[in-house]
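Asker: make a model of this:
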Amino acid sequence: MRDRFRQCPGGKRGPLTGPNPTDRGKPGSKIHLITDRNGVPLSLGISGANMHDRLGLKPLVRGIPPLRSRRGPRRRRPAKLHADKGYDYDHLRTGLRGRRIRHRIARKGIESSTRLGRHRWVVERTVSWLAGCRRLHRRYERKAEHFLAFVGIAAALIGYRRLTN
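Answerer: Residues are numbered from 1 along each chain as shown. Alright, predicted model coming up:
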C-alpha cells in the first residue's frame, strides 16, 4: 500500500529508467537478453537506458536456468557465450572463466566485430521480435516489475513460437 504513495502522479516513467543517450535524453529502459542458438530467450533483465551493458551481464548469466539436452543429464551452464565489444572487460572474462563458460568477446581496438556477427545476429533477431510487441516498444508502466513481467510474457511467446515450429 505504501509503494502506491511514493510516486507522485505526474512523475515520468518510474524506477529503472534513465536518460537515453541516443534519444535526446528522454527517459527510457533497456532490455538485456541472453538467448540460445535458436533465438529462444534464456535470461532477461531491464535497466535504465543510460546503464552500460557490462553491468547487466553477471545477473543475466546467473539467471540462466539448467539447460535440457536430448541426451544425458541437464547442463547447469551454457558451453559458450558470444558477446560484442560492449562486454570487453577483464572482470567479465574472469567471471565467465570462473563459471567454466568459454567466451568469445570481441576486443576493442584489436579486432573487428564483423566475424562475431555470424553468431550475434540471432540475438539481434530476438531483440527485434521483442521490439515488435507494441507494449514493449514504448514503456507505459511506471513500476519496473510490471514492465519486466510484460517482457517475460513476450519472451515466453517467442519461445513458444520457436519451439512449436
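
Asker: which strand or helix spans G152?
Answerer: In this structure, G152 is located in helix 144-164 according to DSSP states H and E.

Asker: quick one: that helix to chain centroid distance?
Answerer: Between the centre of helix 144-164 and the centre of its chain there are 12 Å (C-alpha atoms, centre = their mean, to the nearest Å).

Asker: same for it, what does it pack against?
Answerer: Contacts of helix 144-164 with other secondary structure elements, assessed using 3 or more C-beta pairs under 8 Å, 6 or more residues apart in numbering; DSSP states H and E, are made with strand 27-35, strand 41-48, helix 117-131, helix 134-137. The way it works is simple: take the backbone N, C-alpha and C, and place the C-beta from them, glycine included.

Asker: can I get the CA coordinates of stretch 72-87 in CSV?
Answerer: Taking Å, rounded to 0.1, in the frame of the first residue of the first chain, the C-alpha atoms of stretch 72-87 are listed here in CSV:
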residue,chain,number,x,y,z
GLY,A,72,22.4,-37.1,-20.8
PRO,A,73,21.9,-35.0,-17.7
ARG,A,74,20.9,-31.4,-17.7
ARG,A,75,23.7,-28.9,-18.2
ARG,A,76,24.0,-26.3,-15.5
ARG,A,77,25.7,-23.7,-17.7
PRO,A,78,26.0,-22.9,-21.4
ALA,A,79,29.0,-24.1,-23.2
LYS,A,80,30.0,-20.8,-24.9
LEU,A,81,29.0,-17.2,-24.8
HIS,A,82,29.3,-14.8,-27.7
ALA,A,83,29.3,-11.1,-27.0
ASP,A,84,30.1,-7.8,-28.7
LYS,A,85,32.7,-5.1,-27.8
GLY,A,86,30.5,-3.6,-25.1
TYR,A,87,31.4,-6.5,-22.9
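
Asker: for it, what does the pLDDT average out to?
Answerer: With pLDDT averaged residue by residue, stretch 72-87 scores 79.
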